[in-house]
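> One predicted model, sequence on top.
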Amino acid sequence: MLKKVILFLFLFTYPSSFAATRSASLDTLKAAFIRSDDLWIKVGNREQKITHNEYIRYPKWSPDGNWIAYLKVTKKGKPPLNDGELWLFNYKTNNHFKIRANVNNNFQWAPLDNKISFLVIKHLYTLNLDPAIPFLTNKMGENIENFSWLPDGSGFLTSSKESKQLHSDILLSKITLGSYKPAIRPFFKIPVSDNEFFISTSQFKWSHDQKWISFLLVPTASLSADANTLCLLSQDGQFFKKEAEMLYEEEWFKWAPSETLLGYVKGIGREANLNKQVDIIHAPPLSKKSLTPKGYVDRDISWKNSSAIFVARAKEEPQADMNKRPMPRIYEINLALGQPKQITLPAEKEADFAPRFVNDRLLWIRTNTNTASVFVSRAEAEDKWINHITMPSTYYDRWNWDEVFSLYKGQ
């Protein structure tokens, strides 16, 4: 009898306990997104409209979740919208602050505190939001093609051309923040031969132990549309290798969270649904493993942990009409077993993109190419979390979801 009572109490309380856990997990999710071209925020199940009758793109959270940086651009511009006015929104005070015009969309928060850096016509600036010295903007350098914060937030790694000549070398430099002025020192020179057309780099990404750096070498625009070169560089500058060719998609190469494993989507050609495969490389000893089976294409990678990775996978179909090609679904791949498991179940005319794993939840964006919504995993089911986000710019079946969606990941 006692066993039956215990079993009854367990069955009676378990569903409500599960629901509370699920609700608490959802409450920890926080996103900024664009709907009808305005900026919105969603925390748990509560939505808030932030701007009114504007044209906003590229929302980005500060490390503490109290600020959102975004670009305000003109509606007359043609996609892709890469420049605009940089604004900051304070989530606690509900205030907006205009920072600078003509800012490139590669503006970045410091990894640990409320400093933001941005490029204006190849000039790098940093804005310090410390309450003691509010809105102090410092110029960090000039003639800079691209940059990233160093992992500890002490400065930047930058790229620049050695001269205005097309075939001049690309210089990587480290800029260290100082009390009076930044200190700049050379780090590594990438030689560019007469038959190469590299003009810049992508952002830089560090492995979890900060011993390896990955980035793209970017050629002139017409060539970059079809192929860029993924590179690996050791932190001491002693080892450099051009690893693979791929599209200029910043989200298509990522380090694992706790191992020196780099996942990336290789393959030349501007069409995202042709000749795109995911490889995993271990650095060192630079051993490589391919995860994409023949007859399929992968994109939009995201690590679940250092043993499993998510991809957006579809059957490869080379027919000319892109609207008739198979649409991707999200798969989870166990690296040890190499076995894929389909995670999402969109309808026939829908596609799933941009998987993100946060707070033990998988989120992704589902679209029918006319409208888009954000979904979140729930046990063996899926829930629509954010409805009707603005469709971003697209290019040969590639959508730039960072234009319209930013998930707060916490520190």
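Yes, it's here. Residues are numbered from 1 along each chain as shown.
> Convert the C-alpha atoms of stretch 149-164 to PDB, please.
Output in PDB follows, covering the C-alpha atoms of stretch 149-164 (Å, rounded to 0.1, in the frame of the first residue of the first chain):
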ATOM      1  CA  TRP A 149      39.100  41.700 -29.200                       C
ATOM      2  CA  LEU A 150      41.800  39.700 -27.500                       C
ATOM      3  CA  PRO A 151      40.200  37.000 -25.300                       C
ATOM      4  CA  ASP A 152      41.100  38.800 -22.100                       C
ATOM      5  CA  GLY A 153      39.800  42.200 -23.300                       C
ATOM      6  CA  SER A 154      43.300  43.800 -23.100                       C
ATOM      7  CA  GLY A 155      43.300  44.900 -26.700                       C
ATOM      8  CA  PHE A 156      42.800  43.800 -30.200                       C
ATOM      9  CA  LEU A 157      44.200  41.700 -33.000                       C
ATOM     10  CA  THR A 158      43.900  43.600 -36.300                       C
ATOM     11  CA  SER A 159      44.600  43.100 -40.000                       C
ATOM     12  CA  SER A 160      45.800  45.700 -42.500                       C
ATOM     13  CA  LYS A 161      47.400  45.800 -45.900                       C
ATOM     14  CA  GLU A 162      51.100  46.600 -45.900                       C
ATOM     15  CA  SER A 163      50.600  49.100 -48.700                       C
ATOM     16  CA  LYS A 164      47.900  50.200 -51.200                       C
END
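> hmm, who's touching it?
108-113, 115, 117, 124, 140-141, 143-148, 168-177, 182-183, 187, 189, 199-201, 204, 206, 210, 213, 215 (CB atoms under 8 Å, 6 or more residues apart in numbering). Every residue, glycine included, has its C-beta placed from N, CA and C.
> Quick one, which of those residues are buried?
Among the contacts of stretch 149-164, those buried by neighbour count (16 or more other CB atoms under 10 Å) are 108-111, 115, 117, 124, 140-141, 144-148, 170-175, 177, 182, 187, 199-201, 204, 206, 213, 215.
> Would you map the strands across the stretch 301-411 of the chain?
308-315, 329-334, 340-342, 351-358, 361-367, 372-378, 381-389, 405-407 (DSSP state E, counting those that start in this stretch).
> Nearest to residue 281, out of those?
strand 308-315 (12.6 Å; CB to CB).
> Which positions in the closest one come out as buried?
308-314.
> now swap in stretch 247-260 and tell me
Across stretch 247-260, burial judged by 16+ other CB under 10 Å covers 247-249, 252-256, 259-260.
> one step back: show me which of the buried residues of strand 308-315 is closest to residue 393.
Nearest to residue 393 among the buried residues of strand 308-315: residue 312, at 17.9 Å, using CB to CB.
> any low-confidence regions in this protein?
Scanning the chain for pLDDT under 70 picks out 1-26, 76-81, 131-135, 320, 322, 411.
> Do a quick rundown of the helices in it.
Along the chain, the segments classed as helices by DSSP state H run 2-27, 221-224.
> Residue 106 touches residue 145, doesn't it?
No - applying CB atoms under 8 Å as the test, residue 106 and residue 145 come out as separate, 10.2 Å apart.
> Nearest to the spatial middle of the protein, which residue is it?
The residue lying closest to the centre of the chain (CA atoms, centre = their mean) is residue 251, at 4.4 Å.
> give the contact list for it.
Residues near residue 251 by CB under 8 Å, 6+ apart: 300-301, 354, 402.
> which one of those is nearest residue 342?
residue 300 (14.8 Å).
> how much space between the closest one and residue 168?
34 Å (CB to CB, to the nearest Å).
> same deal with residue 158?
From residue 158 to residue 168 the distance is 16 Å (CB to CB).
> Going by residue numbers, what spans are strands in the stretch 51-200 of the chain?
According to DSSP E, counting those that start in this stretch, the strands that the stretch 51-200 of the chain contains are 56-61, 67-72, 83-90, 95-104, 108-109, 115-120, 123-128, 136-141, 146-149, 155-161, 170-176, 183-190, 198-201.
> for those strands, which one sits closest to residue 367?
strand 56-61 (17.1 Å).
> helices or strands next to that closest one in the packing?
Applying 3 or more CB pairs under 8 Å, 6 or more residues apart in numbering; DSSP states H and E, one finds that strand 56-61 makes contact with strand 30-35, strand 38-43, strand 67-72, strand 108-109, strand 405-407.
> any idea how far the fourth one is from the chain center?
Looking back up the chat, that one is strand 108-109. 12 Å (CA atoms, centre = their mean, to the nearest Å).
> What of stretch 331-344?
Distance, centroid of stretch 331-344 to centroid of chain: 21 Å (CA atoms, centre = their mean).
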